[in-house]
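# Below is the structure, and that's it, no one-letter string:
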């Protein structure tokens, strides 16, 4: 069912931006707006909302019953069959709702190949509607923050239990499996495939393989999180096996200071880029600027990465209720990488750091 | 590294179809072609291959090291930073490789919102390249078939063990967790979120919730599969708890005959739609045609759904080495649904059914 509050707010934004319709594929965007989030599959499916508040939906036949159950009864559902083509449904909706010549904003799950096919039969102007939809949910209310807090707590626990499990001889994959198991035991789902980047693999921020065997003197980046009642957590810590070198200690200290500086800067009225700058300046001033390969953070909520993005050039003003990561890192190819990441929420009295797992150096014996 | 055989074949197809370049996002398509399949994230990343065989890649900075490791050294990598915009990399590649005015085919992981942004700065003709890429891998070789066979065997085992676990009082979610656990114990990953659709939920072919408690006299559709050495399995069975009604028995028998008719029709030289027709005709002739809501099957390999699609209107000729599901179903809203699904491979001497788990009626006592 359409959430009236968010539906009305969206229509207001659409009118202000000269958008006539939004076309939203199965996604978090759709779930947030309507509570409906069907499986993503290769069959085209999309919910449309017009700037006058009218809604309709295009559904493959095999999702028809589900769509009917989740959407308001006055949301007309245009069904297409596997023996036909979704473009027939696009034609019907265009005819009924006069989409020809209109400006239609799409969300991030509408596939390029489908857009190309639609453009072949519908003479409308398509625009990128991603920012509109993400900013609709950028301010979290009390209930949402409580869920983020609980999700962060579970992630803190799993971080600790995972570190207790690590020893030389097991593989990165073993550790990933353990993380999944630990979350399952706590009744939570993984929020994303954990990152376990050991030894030289730690220099790749989003390393996604897992065959390396943990060795004495390894450095390991652990990046994990879960989904609790629809809300995500995301934490990173870097740990050391059997010892730490002077250089590792030096870099760890820089990253820890950068992490704290970013977190302390995150207050109401500050720009997103200022938080990035606070972290980045520390890393730069120590001469490691070129090794900080990514933005300082990303928003989090019912998706793992969403607005606000904490990066150079983002002048979005931080407001109370915004939640995001602060995760500076130094990644030196063929050497090692270190990252420390927490989720924080902007409160009235400053930032609340949701992750309480220690940031002191941990050397696994 | 680019697979020379598939790379050359792709260039040949591109030339025949007047395609100047392919733009391929992180995906199975990319993995098949190059062995490289980075994490999908919101940052734009794409591999390009030109019809003359030249390749280049656009990578966010934080994936740069990974891309360099997985791609050939003569594949130039254009990097963009979080503090910038991927369109700068698009501009650079366009300038160097003269993309202006060219025809560029995209795969199914290029997002519509990114395509819109690219179209804003690059004057090229974009077309849907999905069929080209899927058909590149539609014929499986002996090694691939062996992996599909092994994946199917694991799915058969888990199907049996799952059925042994089911009893009234547990939830659909408990069963889904059990399936995941069983695959994990066998060292395999889930190929997709299992479907456990009990009671009236069984009328939704791709039902994706899981809160219902299993009750006496329930009907349950189980749809599960795993990934074994990169190759997928996918099997469905419908089971009964504590008894079966005459109507359920009648419908089960129709579906079983439809499943067998489809499988027996699947031979070299036959059209994909003929297999669909063989299954569909049996269901129609029994008066249940309107309740068979989807196509009869989908190809399978390194993705769960790929060509060939077994559906009305698909005149693709079946060839030796093609692998796909045969999964007729009857789905009656507010009553129940029944589906029986196997994976088969087209062999020289006819179809080989990879799933050997019984299709006899199972009543859980």
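Received it, and whenever you're ready, just let me know what you need. Because the structure is a prediction, the values reported are computed rather than measured.
# Residues of the stretch 1-150 of chain A that sit close to chain B?
A:38-39, A:41-42, A:60-66, A:82-83, A:106-117, A:126-130 (C-beta under 8 Å from any C-beta of the partner chain). The C-beta positions use only the backbone N, C-alpha and C, and glycine is treated the same way.
# got it, and the stretch 151-300 of chain A?
For the stretch 151-300 of chain A, the residues in contact with chain B (C-beta under 8 Å from any C-beta) are A:177, A:184, A:193, A:203-208, A:293-295.
# Now the two most distant members of those residues.
A:184 and A:293 (32.0 Å; C-beta to C-beta).
# What segments of chain A are helices?
A:4-16, A:28-34, A:64-70, A:86-97, A:112-119, A:130-135, A:142-165, A:172-185, A:246-265, A:272-285 (DSSP state H).
# ok, now which ones touch residue A:304?
Listed by C-beta atoms under 8 Å, 6 or more residues apart in numbering or on different chains, the contact partners of residue A:304 are A:191-192, A:225, A:232, A:234, A:298.
# now the stretch 101-250 of chain A, which segments are flagged as low pLDDT?
The model of the stretch 101-250 of chain A has no residue with pLDDT under 70.
# on that earlier part again, quick one: which of residue A:184 and residue A:293 has more around it?
In this view residue A:184 and residue A:293 are compared by other C-beta atoms under 10 Å in any protein chain shown, and residue A:293 has more residues nearby, 24 against 16.
# Verify the contact between that one and residue A:328 for me.
No - using C-beta atoms under 8 Å, residue A:293 is not in contact with residue A:328, being 10.5 Å away.
# Spatially central residue in chain A, please.
residue A:305 (1.7 Å; C-alpha atoms, centre = their mean).
# Now that residue: closest residue in space that isn't a chain neighbour?
residue A:298 (4.4 Å; C-beta to C-beta, 6 or more residues apart in numbering or on different chains).
# and the residue nearest to residue A:261 when sequence neighbours are not counted, what does it touch?
In space, and not counting its chain neighbours, residue A:261 is closest to residue A:278: 4.4 Å by C-beta to C-beta, 6+ apart. By C-beta under 8 Å, 6+ apart, the contact set of residue A:278 is A:258, A:261-262, A:264-265.
# For beta bridges, what are the partners of residue A:222?
residue A:196, residue A:237 (DSSP bridges).
# what sits against it?
Residue A:222 is in contact with A:159, A:162-163, A:175, A:179, A:194-196, A:236-239, counting by C-beta under 8 Å, 6+ apart.
# same thing with residue A:156?
A:235, A:355-357.
# So which of those are in strands?
By the criterion of DSSP state E, membership of the contacts of residue A:156 in strands covers residue A:235.
# buried subset of the contacts of residue A:156?
A:235, A:355, A:357 (16 or more other C-beta atoms under 10 Å in any protein chain shown).
# re the thing from before, neighbour-wise, which of the contacts of residue A:222 leads?
Tallying neighbours with other C-beta under 10 Å puts residue A:196 at the head of the contacts of residue A:222, with 29 neighbours.
# Would you confirm that that one contacts residue A:175?
Yes - counting by C-beta under 8 Å, residue A:196 does reach residue A:175; the two are 4.6 Å apart.
# For these two, list the residues in contact with both.
The contact sets of residue A:196 and residue A:175 overlap at A:220, A:222 (C-beta under 8 Å, 6+ apart).
# related to what we said a few turns ago, which one of the contacts of residue A:278 is nearest to chain B?
Nearest to chain B among the contacts of residue A:278 is residue A:262, at 14.3 Å by C-beta to the nearest C-beta.
# Looking at that closest one now. What's its pLDDT?
Note on residue A:262: pLDDT of 98.
# Correct me if wrong: it contacts residue A:283.
No - contact between residue A:262 and residue A:283 fails when scored by C-beta under 8 Å: they sit 10.4 Å apart.
# Give me the more crowded residue out of those two.
Neighbour count, other C-beta under 10 Å: between residue A:262 and residue A:283, residue A:262 has more, with 30 against 23.
# what sits against the more buried one?
Counting by C-beta under 8 Å, 6+ apart, the residues that residue A:262 touches are A:275-276, A:278-279, A:296-297, A:310, A:326, A:328.
# Go again with 7 Å.
Going by C-beta atoms under 7 Å, 6 or more residues apart in numbering or on different chains, residue A:262 touches A:275, A:278-279, A:296, A:326, A:328.
# which one of those residues sits closest to chain B?
Among the contacts of residue A:262, and counting by C-beta to the nearest C-beta, the member closest to chain B is residue A:296, at 8.9 Å.
# who are the neighbours in contact with the closest one?
Contacts of residue A:296 by C-beta under 7 Å, 6+ apart are A:262, A:275-276, A:279-280, A:310-311, A:326-328.
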